[in-house]
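okay, sequence plus prediction incoming.
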Amino acid sequence: MKIPYNYKCAECDIERVHWAHINDQLINHQCPCGYKTEVMIKVDITRGLKLLYRAGYEINRRKDNQTAIIISAMAFETEQLRLYRKWHSIEKITYNDSKYADKEVREIFRQAKGVKDTINKTIRKITDMSFNEYIARDTDLVKSMKEIYPEFNGKDPLSYFHKIIFKPRNDIIHGCYYSHSEKDAVAVYNMAYNGVVILHSIDKERRNKKK
Ligand SMILES: [Zn+2]
């Protein structure tokens with residue numbers, strides 16, 4: 001998977017896009033003008049965020065709404081699995097049993113009953129709460145969600161979240177429906193972005209608890 005990074009060349013001052021592999025943290029830019037520079041991608045730019053860069057590029061530059069929808073949903077799932085794997089591994093190390101952590105994570109998710117189940121499994125792993133319990137606790141978040149999404153009634157945020165992100169994705173993958181508009185793609189992108197932000201705050205809360 002390649003990720004587009006925007007940068008402005010220090011020599012010719014022109015905005016360029018540099019494509020790099022998702023796992024690359026050190027990027028060697030060579031501008032068409034010949035100027036070379038090295039850029040280190042910060043560690044807090046996770047794979048989920050990198051995938052959102054790619055989804056944004058698909059919307060804004062390629063006007064490929066279907067690809068943007070698939071990659072936005074993938075960004076949320078990737079971030080979610082990353083955090084599950086991270087906390088599962090930390091628990092295993094704590095119990096001196098890290099050997100099978102990765103294999104176990106794959107097995108746990110293979111047995112999950114759909115996306116909503118995997119989301120709840122991840123949130124419970126980090127917080128001991130379900131997704132809905134976590135969201136309901138944060139009244140400011142519920143309030144801002146209602147402002148952004150007027151049709152959201154505050155009940156069952158997980159189903160709403162699933163409907164906005166994964167229904168359009170499933171329409172493409174399972175239904176061969178390739179006619180989503182740019183507005184549809186932006187809606188999925190925004191919700192996936194909000195989801196990644198929520199995951200990061202859940203992760204941060206757990207990290208602070210450990211201290
Ligand atoms: Zn240049």
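Happy to help now that I have it.

please count neighbours and contacts with C-alpha atoms only from this point.
OK.

after the worst-scoring helix or strand of the chain on mean pLDDT, which helix or strand is next?
Ranking every helix and strand in the chain by mean pLDDT, DSSP states H and E puts helix 101-110 at the bottom, with a mean of 79. Per DSSP states H and E, helix 101-110 leads on to helix 114-127 as the next helix or strand towards the C-terminus.

what packs against the next helix or strand after that following helix?
Using DSSP H and E, the helix or strand that follows helix 114-127 in sequence is helix 131-137. On a contact count with 3 or more Cα pairs under 8 Å, 6 or more residues apart in numbering; DSSP states H and E, helix 131-137 meets helix 114-127, helix 139-148, helix 157-173.

lowest-confidence stretch among these?
Ranked by mean pLDDT, the helices and strands packed on helix 131-137 bottom out at helix 139-148, which scores a mean of 87.

can I assume Lys36 is in contact with Ile27?
No. Counting by Cα atoms under 8 Å, Lys36 does not reach Ile27; the two are 10.5 Å apart.

which one of these two has more residues nearby?
Under the criterion of other Cα atoms under 10 Å, the comparison of Lys36 against Ile27 puts Ile27 first, with 16 against 13.

quick one: which helix or strand includes that one?
strand 26-30.

give me the sheet partners of that strand and which way each runs.
strand 36-40 (antiparallel) (DSSP bridges).

give me the contact list for the strand it pairs with.
Outside strand 36-40, the residues within contact range by Cα atoms under 8 Å, 6 or more residues apart in numbering are Gln25, Leu26, Ile27, Asn28, His29, Gln30.

distance check, the third one against Trp19.
Going from Ile27 to Trp19 by Cα to Cα, to the nearest Å gives 9 Å.

Lys146: what's it in contact with?
By Cα under 8 Å, 6+ apart, the contact list for Lys146 reads Phe152, Asn153, Gly154.

so the first one, which state does it fall into?
Phe152 falls in the coil class when you classify it by DSSP: H, G, I helix; E, B strand; the rest coil.
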